[in-house]
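Enquirer: Just a sequence and a predicted model for now, questions to come.
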Amino acid sequence: MPKFYYALFALFLCSFSYAQTFNFKGKVLDEKTNLPIESATVYLSNVKDSTVIDYTITDKFGKFNFKIKKLDKPVYLKVSFVTYTDYKEELKAIEADKDFGTIILKEAVNNLNEVVVKGQAPPIRIKKDTLEFNVSSFKVRPDANVETLLKQLPGVEIDADGKITVNGKEVNQILVNGKPFFDKDGKVALQNLPSDIINKVQVTDTKTKKEEKTGAAASSNSASINLTIDEKKNKGFFGKFMAGKGSDKRYESSTLLNYFKNKTKVSVLASSNNINSIGFSMDEVFDNMGGGRNSNIWMQDNGTFSINGRRYGSGSGITKSNMVGINYSDEWTKNTETSLSYFYSDANTKNTNRTSLINFLPSGNFTTNSNSSSIENRFTHNASSVFEFKIDSTMSIVLEPNFTKSNTKNGNLSSQSSFDATNALLNESTADNSSENESNNFTNTLSFTKSFKKKGKYVSLVFENENGTTTDKNYVKSKTIFYQGSIPDDDRNQFNNSKNLSANYRTEFEFTQPITDSLQVKLGLEYKHNKNNNNRNSFDFDATTQEYSSVNNLLTNEFNSVERTFAPNTGLVFTRNKFNIDLNMGTTIINFNNDATYLNVNSGLNKNYVIPSLRAYGGYRFSKSKNIWFNYNYNYDLPSAKQLLPMEDLANPLNTYVGNPNLDLNKYHNFYFSYRNFDYATRSGYGTYMGGNFYNNQVVSSVSYDANRKRTTTYDNVAGTYTSWFGVYWNKSFKKDANKYRFELRANNNFGLSKGFTDNQLYSAKTYSFSPRASFSYDYGELLTINPSYNYSYNTTSYTNYVVDKASNFTHKFNLQVTSYWPKNWTFGNDFGYNYNSNIADGFKKDFYLWNTSLSYSFFEKKLMAKVKVYDLLNQNQSATRTISATSIRDEENTVLKRYVMFSLTYKIEKFAGKEKKSGNRFMW
């Protein structure tokens, strides 16, 4: 074994050895205008088999310059740009520097003024609003999934938290042939679709349905990825089955089946496991083994994850789950497109929790220590759909209904005790509670758009509704003992039946009229009607009847609120070749009516607000790869009926809530700014971003404590608070022979100021956090991948009007992933992480190591794969965390998965109508 690692080390050193290279340069101009063509793709390919050797992109002056290693065989130099005929020049060999001088491209149109596209597609095309990658030019392993493919594309990054960015812009939607694959975020597609069925990866700005249909510029600063399937692979059947059995009674199993036939796509997935995962592979090497390593696209470090808002794993503890889902998309008629999705999941979670909480007071701190154990059972049904009806070439209707039904049963045993700074006991309590929550929720969006002959002129109408019912049946058995003063102890044996009804409706109308080619005027109107009802009926246990039949009037209440909002607005849209600005101004008129019934007394409060509204967003493109983007909003949030109405809520024996009828709205300024620059010629990019929320007025808690540290919480307004952030990043990729390197540096800063009231004294807390991260990735062909990363996080909070002036902590996270794909058909992966958390309370471990490993072998023409994996090889995994807030320091520990060994077998099926795509055209970048 040592010889093997010595060989790997020698191989790594040899990767830096000298290889003779030559410089190719030139300039690309338009035939008619003689102006430079920016972002034309210049690439070299083998004459014999069209394999792409290397490529670059022209700059804003039309120039290209790149280094090529010596090659003793004929190659083509090709230049390609959309709407132009490709340029091609043959070279007998690459053995000297060459200046190609000026290369002229001719416009390519036919009689119908349509673009003529012929010949081999270039690796990258940059259009006005679309970045397109030709997948055949980027080499990945034959069994790789789409996520692995994305990691090879220049400008695409997947960070430690699983966030995908393209040239610094976050991706929030991934589609397959323009349609959702189970969900719009596309995480299922990334992890389970094989990369060799994908033909192109297209990146655009994420748009709403209205923006898509009208051609308006995107109002978001997010990106959308569309995966187009190769026509030869768009008719077929593929999938996989997996089953595994492990130590400590661990198990996992999954099925994923896909049927594609042109516009018709049907996919089915199912899983069952007790290792906090969805079951089917989220990582081709490490599966669902999270923890100290870099989290994959949507898994959290505690092993939980979500798909389209559906969470798997409870966030803490160990979860046993079952899930089945089906996705269907089709074009029923020429003008009707449909996408349907259904999920069912059930989960059982067990957890034990230990918490130490330091509470800050002007007169002195006190500490609360608590322990709990819980069991939760949850099932969820979710059905979502999209129906698009194209009435004619200018008019369309989109319908997006969604229904969710869930049921959760929970049992919790807990105890806690509080001590002052002298360690005197203040209070203690025990509880044995159980609850059942049932929720039904229906949402729908109806969008109508009509475009006119004049470009930029359109009318749109959007109607949204959200109707929900939630019932909560809660059994409480608790005893709270107070040791200071003469307050009587609190002993409860109760049944609480709560119900929440919501009916929210929103209508938006907009008309846009172009004034000039670059100026549009918008007129709009928004109306909202939101109605909410919350009622709770509480019953004490009657020892005589042995039933919960004695009405507890002190805990029985009902709250109602109705919000009516009328918001006319007008706007201007400026659009030029390099910039666009969208400015909207208006007035928001709000009628907010609240009432409550408590102890048979009804109390009402009606409030009216008139608020100015302002939103501006836009961007400026310095070049195809360099741009800025900004967004500004003046926003508001309404307080709840419980925060406004002066009614007591005594549900918590240690915290009584009372509303404040004098509360004002939350009013704040929100802004965001970003600068991005990615140079495709050098495969390097950098950028910066900043943003924040600055409050003119904010609703905060005002908490007072008695001698037993029992709370009474009401609400008040403060001004001058804020949350803000600032970050920078840099990344660089380059390739030398079979060696590929990627570097990334990133740093994020957060600043905040919080205010509130404790014992009638105003406090403030200034927070600052600094989180730099460095990562490096090395690939040696298809044989070896090495990926070390390091993340440091420093957090500090400075206080006023507390006995504590300052609190701080820092964490270190180091991770190393090494994956070997040698010898053939074998995959050996090791994922090692170290975590350190400073200043955590006594009794909580500050650091731990997490080492996951897997070994797999593919056989039977790679249709079968046998794997053994070990999670937490050193048996050190833990979940101790410290959270510093404006009012407390919280140290917490939950149950985590510990070491287990899992043996599994995976069977893959793949049958397409067309021939398999050859891999010879791919080169690694």
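Expert: Okay, I see it. Residues are numbered from 1 along each chain as shown.
Enquirer: Work out for me the element the closest residue in space to Q416 that isn't next to it in sequence sits within.
Expert: Of all residues not flanking Q416 in the chain, S370 sits nearest, at 3.6 Å (C-beta to C-beta, 6 or more residues apart in numbering). C-beta coordinates here come from the backbone N, C-alpha and C atoms, glycine included. If you go by DSSP states H and E, S370 is part of strand 366-392.
Enquirer: List the strands paired with that strand, with their directions.
Expert: Partners of strand 366-392 in the sheet, by DSSP bridges, are strand 336-359 (antiparallel), strand 395-420 (antiparallel).
Enquirer: okay if I get the ones you listed as a markdown table plus mean neighbour count and mean pLDDT?
Expert: Shown next, in a markdown table, are those (neighbours: other C-beta atoms under 10 Å; pLDDT from 0 to 100):
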| stretch | mean neighbour count | mean pLDDT |
| --- | --- | --- |
| strand 336-359 | 18 | 94 |
| strand 395-420 | 17 | 96 |
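Enquirer: what would these look like in TSV with distance to Q520?
Expert: Listed next are these as TSV, based on distance: least, C-beta to C-beta, whole Å:
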stretch	distance to Q520
strand 336-359	28
strand 395-420	19
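Enquirer: what about the residue of the chain positioned farthest from its centre, which helix or strand?
Expert: In the chain, counting by C-alpha atoms, centre = their mean, T544 sits farthest out from the average C-alpha position, at 54.2 Å. Using DSSP H and E, T544 falls within no helix or strand.
Enquirer: quick one: contacts for it?
Expert: T544 makes contact with no residue under the criterion C-beta atoms under 8 Å, 6 or more residues apart in numbering.
Enquirer: count of residues packed around the nearest residue to S550 once chain neighbours are set aside?
Expert: Leaving aside its chain neighbours, S550 sits nearest to D540 (4.3 Å; criterion: C-beta to C-beta, 6+ apart). Counted with other C-beta atoms under 10 Å, residues neighbouring D540 total 16.
Enquirer: and D540, what element?
Expert: Going by DSSP H and E, D540 is in strand 519-542.
Enquirer: Just the CA atoms of that strand, as CSV, please.
Expert: The C-alpha trace of strand 519-542 is given here as CSV (Å, rounded to 0.1, in the frame of the first residue of the first chain):
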residue,chain,number,x,y,z
LEU,A,519,-38.0,53.5,-23.4
GLN,A,520,-41.1,51.9,-22.1
VAL,A,521,-43.8,53.1,-19.8
LYS,A,522,-45.6,50.7,-17.4
LEU,A,523,-48.9,51.1,-15.6
GLY,A,524,-49.9,48.6,-13.0
LEU,A,525,-52.3,47.7,-10.2
GLU,A,526,-52.0,45.2,-7.4
TYR,A,527,-54.7,44.1,-5.0
LYS,A,528,-54.3,41.7,-2.0
HIS,A,529,-56.9,40.3,0.3
ASN,A,530,-55.5,38.1,3.1
LYS,A,531,-57.7,36.6,5.8
ASN,A,532,-56.4,34.6,8.8
ASN,A,533,-58.3,33.0,11.7
ASN,A,534,-56.5,31.4,14.7
ASN,A,535,-58.5,29.8,17.5
ARG,A,536,-57.5,27.6,20.4
ASN,A,537,-59.9,25.7,22.7
SER,A,538,-58.2,24.4,25.9
PHE,A,539,-59.6,21.7,28.3
ASP,A,540,-58.3,20.6,31.7
PHE,A,541,-58.3,16.9,32.7
ASP,A,542,-61.3,16.1,34.9
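Enquirer: Report the distance from whatever helix or strand comes next after that strand to the chain centre.
Expert: Per DSSP H and E, strand 519-542 leads on to strand 547-551 as the next helix or strand towards the C-terminus. Distance, stretch centre to chain centre, for strand 547-551: 46 Å (C-alpha atoms, centre = their mean, to the nearest Å).
Enquirer: Which SSE is immediately downstream of strand 547-551?
Expert: Taking DSSP H and E, what comes next after strand 547-551 is strand 557-575.
Enquirer: strands paired with that following strand, and their directions?
Expert: With DSSP bridges as the test, strand 557-575 pairs up with strand 519-542 (antiparallel), strand 579-598 (antiparallel).
Enquirer: Please tabulate those strands in a markdown table, including the columns mean pLDDT.
Expert: Formatted as a markdown table, these follow (pLDDT from 0 to 100):
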| stretch | mean pLDDT |
| --- | --- |
| strand 519-542 | 96 |
| strand 579-598 | 95 |
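Enquirer: quick revisit: how about the strand holding D540: buried residues?
Expert: 520, 522, 524, 526, 528, 530-536, 538-541 (16 or more other C-beta atoms under 10 Å).
Enquirer: Report the angle between it and strand 547-551.
Expert: Angle, strand 519-542 to strand 547-551, by axes from the mean of the first three to the mean of the last three C-alpha atoms, to 10 degrees: 110 degrees.
Enquirer: Which parts of the stretch 1-150 of the chain are helices?
Expert: 2-14, 146-152 (DSSP state H, counting those that start in this stretch).
Enquirer: Which of these comes out lowest on mean pLDDT?
Expert: Lowest mean pLDDT within the helices of the stretch 1-150 of the chain: helix 2-14, a mean of 44.
Enquirer: Identify the residue nearest the spatially most central residue of the chain in space, chain neighbours excluded?
Expert: The C-alpha lying nearest the average C-alpha coordinate of the chain belongs to K163 (C-alpha atoms, centre = their mean; 6.0 Å). Nearest in space to K163, with sequence neighbours left out and distances taken as C-beta to C-beta, 6+ apart, is E170 at 6.1 Å.
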